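**Student:** Got a sequence here, can you model it:
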Amino acid sequence: MLSHLNIDHVYDSSHCHLVNELFCPLLSESVIYKRGVGYFTSGWLREAVQGLAKFAENGGRAFIVTSPHIEKSDWDAFVLADEASRSAQVYETLKRHVDDLEVTLREDTRNALAWLVADGIVTFKFAVPKNRIGDYHDKFAVFEDAAGDKVAIHGSYNDSIHGLSNGESFSVFCSWNPGQDGYVQSHGQRFDALWSGRNDFFHMYDMSEAIKHEICRLRNTSSRPYTEPDRPQPKAIRVPSNVQLYDFQQKGIDNWFSNGCRGLFEMATGTGKTFTSLAAAVRAHGERGSLLIIVAAPFNHLVDQWNEEAKKFGFVPLLCRDSATSWLQLAKSRIQDFNNGGRDSLVLITTHKTASASNFIKVVSKARGYTLLIADEVHYLGSRHLKNALLESYQYRIGLSATPDRWFDETGSQEIRGYFGKTVAEMPLEVAIGTFLTPYRFIPHLVTLSDSEFNKYTQLTRLIRQLMASAEKSIDTEYLQSVLRKRANIVSKAAAKLPMLLDLLNKQIAQQGGESVRHCIVYVAPGEADKYVRALSNIGLRVHSFIHTVPNDERLALLDQFNNGHIQLLVAIKCLDEGVNIPATKEAYFVASTSNPREFVQRRGRILRKHPGKERAIVHDFVVTCPRRSISDGMVDIAVTLLRKEMPRFVEFSSAAENEFEARDVVFQTLLYYNALELLELRPWDVYRSTQDKEQEEETYE
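**Tutor:** Now for the predicted structure:
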C-alpha cells in the first residue's frame, strides 16, 4: 500500500534517481496511474520497467496524457485542416512515432510497450492546445492503490531519457497526510477534466485502434516482460449445457423481448428466476452485440450467489459492495473499456443499497450502449430509500420476485410496476409443486393467548382504533407505529408458543428417537432466538441460531453443518428469508410470522426446494387465538380482528398442501364459534385490498 512507503516531500534529481526512488516504488503499490506529461518517449520504460511490471501484476491501469510533438510542417497542415480531418493528421504523426519505436528501442523495452498497450494496461491520449500557438507542457501524476489512498506529484520532469539527465524535481502530496489531501484532489480533478475533454483549453485525441494494431505488430513470440495478473480467462457467453429451460421459462423470455425487454418475472421461490433472467441476458447480449448488466440484490450473500451463477453463463462479474475503495476505480476502468469497445460485456453485481448510492449511479451513468438491470427481490426497490436505483437510463429491465407487490404500500407497488412493466413470466407455487418444488403437509397448531396477554391486546387494539379515528385531525404517526408494534409483539411472542414447541418435539423424540429431528428450522420473533436455542438445547437437540449477528463466513459453515446433520435444528428470525439456499430442510415451525405474505410465502418456498431423498416437507404454523373464557359480548370483534390477521397465512399454507381439508378441520370449530367461517376463503392479498384504507399492521423486523 502507498501509505506503507517512506515518501519524502520533495525529490530532486541532483541527489536522487527520480525513476528508481519515486516512480518505481509508487507504481509498484498502485492500481491506478494518471500521468500528464509534456513529452513522453518509450525509452523511459527501460528505466521504469520494474515498477511497471509490478503495476501490471497488480492489475493496474495507466492513463497518460501527453503532447504528440508535431513538427512545424505537420502543425501547419493540422491548422489548415478542418475539424473532420484533425484526427487523421494526428494519426500520421503518431504512426511516425510508432515507427521510430521499432527502430530505436531495445528489444525488451519495445515488447514492454507493445504488451502494455495490447493488454490495455496503458492508455494514451494526446492534448493539443486550441490556441494553435502553445503546446501541452504540464508535468504531474496521481497514483492510487487498492485501498483508495493517493499520491500526487508535480514538478518539471518529462518521461524521457533526456529528462533523466536534466536537473529536475517533484513536490509530493499524500492523501493521508494532514493538509495534503486538497492538493491530491485538485490534481486528480484537473487530470479527469483533461482526460474527459472538459478542459476547454485543449483538444483531446484518443490513440486510434489502427495505432494500437501497429504497436501490436511489434510483438514477437518472446514472453511478456512482466507477470500477467491473474484474470479469469474469457468464456463464451452462453446458457450452460446442463441448464435446460422449461417451456414457461422460455415463454417468459420471449414475452420479455416482445415487451421491449422489460417486465417482471413473478415466479415462486425455487422455480429458476436466476437462471431465467441470466438466459434472457445471454440472448440480449447476443442480439445487441454488447451489453452492460447490472444485478442488484438485497443482501451480500445473494451477491455471492449471483456471482457464482453468472460465471456459469460465461460472464466475468465485478462485485460492487462494501467500501467503494474496493470497487469504484475498477468499475470506472471497466466501464471505460466497455465504452471504448474493449469489452462487449460487463456485469456489475451489487446490493440494493449500493445500486441506489450516488457514487455507483455516477459511475454507471457514464456507460454508453445497452444496459440491463436485473433486480432480485424487486419488491425492496419500491421503498423511498432504495428507488434511486431505478435509473431511467437502464433501457432493459427485469424485476424478480415471487411477490413483487409491496404489503400496504400501494405507492411503492405502483413504482415497481410502472418502472418494470407487466408480469411477463409467471409460475405460481400451486403449479410448481410436484414439478419444481417438493409436496408438503401442513400442520397448524392453535396457540391461545393468556388472559393477561389478551387484556393487553384488547387495550392496544382500542387505542389503535382511537388513534386511527383521529387521523383526520392530527396523528402522531411514530406513536401509532409504536403501539402497532407492541400489539404485534404480543402475538409473535405469546408465552404459550415455546412450551407447545417443546411438547411437540419431545413427543417426536420419545416416539422416533432424538435423531429423527433433522433438517429442521424454527422461525421465532426478534429477540427470542437465544431463549429458544437454550430451551431446545436442554432437551438434547444440537441447535444453533441463524440471525443477523452471525458473520457471513460462519453462516456458510453453519449451513454446511445443517445440511450434513451435525446441526439438527436452526433457530432463525429473518436471515433465512431471502435467497439462502437450504434445500435439505424437511421440516419448519412458523412459531412467529408477520402478516406480510412476502415473508411467509418466501419462507415456505425455501422449505419446498427439492433435494435428494426429500419426498415431502412438513410445515407447522402456530396460529394464535383468544381465550374464549375471557371474551365478553363486546370483545368478539377483537377476537375476530386477531383471527383476521392470522388466517390469511393459514389459508395460503393450507391451499397448496397435500392435506388441505384435514388442516382446515383444526380451525373450523374456532371460526364457527366466532361466526367467522368466511375467513377460510380469505387469501393474503384479499386482506390487503379490503383493508388498504383501514387499520394497518406494522411489519416486525429483527
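
**Student:** Would you map the helices across the stretch 451-600 of the chain?
**Tutor:** Remark: helices assigned in the stretch 451-600 of the chain by DSSP state H, counting those that start in this stretch are 451-469, 477-492, 497-512, 529-538, 552-563, 597-607.

**Student:** Alpha carbons only: can I get the fourth one in PDB?
**Tutor:** Once side chains and other backbone atoms are set aside, the C-alpha atoms of helix 529-538 remain, and they are given as PDB (Å, rounded to 0.1, in the frame of the first residue of the first chain):
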ATOM      1  CA  ALA A 529     -33.600 -16.600  19.400                       C
ATOM      2  CA  ASP A 530     -31.400 -17.100  22.400                       C
ATOM      3  CA  LYS A 531     -34.300 -18.200  24.600                       C
ATOM      4  CA  TYR A 532     -35.400 -20.800  22.100                       C
ATOM      5  CA  VAL A 533     -31.800 -22.100  21.500                       C
ATOM      6  CA  ARG A 534     -31.300 -22.600  25.200                       C
ATOM      7  CA  ALA A 535     -34.600 -24.400  25.600                       C
ATOM      8  CA  LEU A 536     -34.100 -26.700  22.600                       C
ATOM      9  CA  SER A 537     -30.600 -27.500  23.700                       C
ATOM     10  CA  ASN A 538     -31.900 -28.500  27.100                       C
END
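
**Student:** Could you figure out how far that helix is turned away from helix 497-512?
**Tutor:** Put simply, helix 529-538 runs at 30 degrees to helix 497-512, going by axes from the mean of the first three to the mean of the last three Cα atoms, to 10 degrees.

**Student:** ok, now the fifth one?
**Tutor:** Direction vectors for helix 552-563 and helix 497-512, defined by the same axes, to 10 degrees, enclose an angle of 40 degrees.

**Student:** Same list, the helices of the stretch 451-600 of the chain, but as TSV with distance to residue 279 please.
**Tutor:** Quick note: C-beta positions are derived from backbone N, CA and C, even for glycine. Converted to TSV, the helices of the stretch 451-600 of the chain look like this (distance: least, Cβ to Cβ, whole Å):
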stretch	distance to residue 279
helix 451-469	48
helix 477-492	40
helix 497-512	42
helix 529-538	38
helix 552-563	27
helix 597-607	21
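
**Student:** Run a quick check on residue 385 versus residue 356, I expect a contact.
**Tutor:** Yes: look at residue 385 against residue 356 with Cβ atoms under 8 Å: they come within range, at 7.3 Å.

**Student:** related to what we said a few turns ago, out of the helices of the stretch 451-600 of the chain, indicate the one that is most buried.
**Tutor:** The highest mean neighbour count among these, using mean count of other Cβ atoms under 10 Å, belongs to helix 597-607: a mean of 22.

**Student:** Show me how far it is from its chain's centre.
**Tutor:** 22 Å (Cα atoms, centre = their mean, to the nearest Å).

**Student:** Next SSE downstream of it?
**Tutor:** Remark: after helix 597-607, the chain's next helix or strand is strand 617-625, criterion DSSP states H and E.

**Student:** among the helices of the stretch 451-600 of the chain, which is nearest residue 125?
**Tutor:** Residue 125 sits nearest to helix 552-563 of all the helices of the stretch 451-600 of the chain, at 41.4 Å, using Cβ to Cβ.

**Student:** what's that closest one packed up against?
**Tutor:** Counting contacts by 3 or more Cβ pairs under 8 Å, 6 or more residues apart in numbering; DSSP states H and E, helix 552-563 packs against helix 300-312, strand 543-546.

**Student:** what angle sits between that helix and helix 300-312?
**Tutor:** Using the same axes, to 10 degrees: helix 552-563 against helix 300-312 is 80 degrees.

**Student:** would you turn the helices and strands packed on helix 552-563 into CSV with mean pLDDT, mean neighbour count and distance to residue 180?
**Tutor:** Below are these laid out as CSV (pLDDT from 0 to 100; neighbours: other Cβ atoms under 10 Å; distance: least, Cβ to Cβ, whole Å):
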stretch, mean pLDDT, mean neighbour count, distance to residue 180
helix 300-312, 90, 18, 34
strand 543-546, 90, 21, 47
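
**Student:** Please say which of residue 385 and residue 356 ends up with more neighbours.
**Tutor:** Legend: neighbour count by other Cβ atoms under 10 Å for residue 385 and residue 356, higher for residue 356 (20 against 11).

**Student:** list the contacts for the more buried one?
**Tutor:** 381, 385, 386, 387, 388, 389 (Cβ atoms under 8 Å, 6 or more residues apart in numbering).

**Student:** now the fourth one: how far from residue 396?
**Tutor:** Yep, that's residue 387 we're talking about. 18 Å (Cβ to Cβ, to the nearest Å).

**Student:** Neighbours of residue 205, how many?
**Tutor:** 20.

**Student:** I meant residue 682, not that one.
**Tutor:** Residues lying near residue 682 (other Cβ under 10 Å) number 18.

**Student:** element containing residue 205?
**Tutor:** strand 202-206.

**Student:** Give me the residues contacting that strand.
**Tutor:** So strand 202-206 is contacted by 65, 68, 86-87, 90, 125-130, 136, 194-195, 197, 340 (Cβ under 8 Å, 6+ apart).

**Student:** dump the residue contacts of the nearest residue to residue 64 once chain neighbours are set aside.
**Tutor:** Spatial nearest neighbour of residue 64, excluding adjacent residues (Cβ to Cβ, 6 or more residues apart in numbering): residue 35 at 4.7 Å. Residue 35 makes contacts with 62, 63, 64, 65, 140, 141, 159, as judged by Cβ under 8 Å, 6+ apart.

**Student:** so when I look at residue 35, I'm seeing a strand, right?
**Tutor:** Yes: according to DSSP: H, G, I helix; E, B strand; the rest coil, residue 35 belongs to a strand.

**Student:** ok, back up a step: any idea which of the helices of the stretch 451-600 of the chain gets closest to residue 445?
**Tutor:** Using Cβ to Cβ, the nearest of the helices of the stretch 451-600 of the chain to residue 445 is helix 497-512, at 6.1 Å.

**Student:** Could I get the full set of helices for the stretch 151-300 of the chain?
**Tutor:** With DSSP H, counting those that start in this stretch as the criterion, the stretch 151-300 of the chain has helices spanning 161-165, 181-195, 209-216, 247-258, 273-288, 300-312.

**Student:** Now the second one: buried residues?
**Tutor:** Of the residues in helix 181-195, those buried under the neighbour-count criterion (16 or more other Cβ atoms under 10 Å) are 183, 184, 187, 188, 190, 191, 194, 195.

**Student:** now swap in the fifth one and tell me
**Tutor:** Applying a neighbour-count criterion of 16+ other Cβ under 10 Å, one finds 273-285 buried in helix 273-288.

**Student:** Could you dump those into TSV with distance to residue 573 and pLDDT added?
**Tutor:** As requested, the buried residues of helix 273-288 are exported to TSV (distance: Cβ to Cβ, whole Å; pLDDT from 0 to 100):
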residue	distance to residue 573	pLDDT
273	24	92
274	24	94
275	29	94
276	30	96
277	28	97
278	30	97
279	34	97
280	34	97
281	33	97
282	37	96
283	39	96
284	38	96
285	39	95
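
**Student:** nearest to residue 643, of those?
**Tutor:** Nearest member of the buried residues of helix 273-288 to residue 643, counting by Cβ to Cβ, is residue 273, at 33.5 Å.

**Student:** ranking the contacts of residue 35 by neighbours, who comes first?
**Tutor:** residue 141 (26 neighbours).

**Student:** residues in contact with that residue?
**Tutor:** Taking Cβ under 8 Å, 6+ apart, one finds 33, 34, 35, 36, 37, 152, 153 in contact with residue 141.

**Student:** thought the first one was touching residue 55?
**Tutor:** What that stands for is residue 33. Yes: at 6.6 Å, residue 33 counts as touching residue 55 under the criterion of Cβ under 8 Å.

**Student:** Please say which of these two ends up with more neighbours.
**Tutor:** Remark: of residue 33 and residue 55, residue 55 carries more neighbours, 29 against 22, as counted by other Cβ under 10 Å.

**Student:** Who's the closest spatial neighbour of the more buried one, skipping the chain neighbours?
**Tutor:** residue 27 (4.3 Å).
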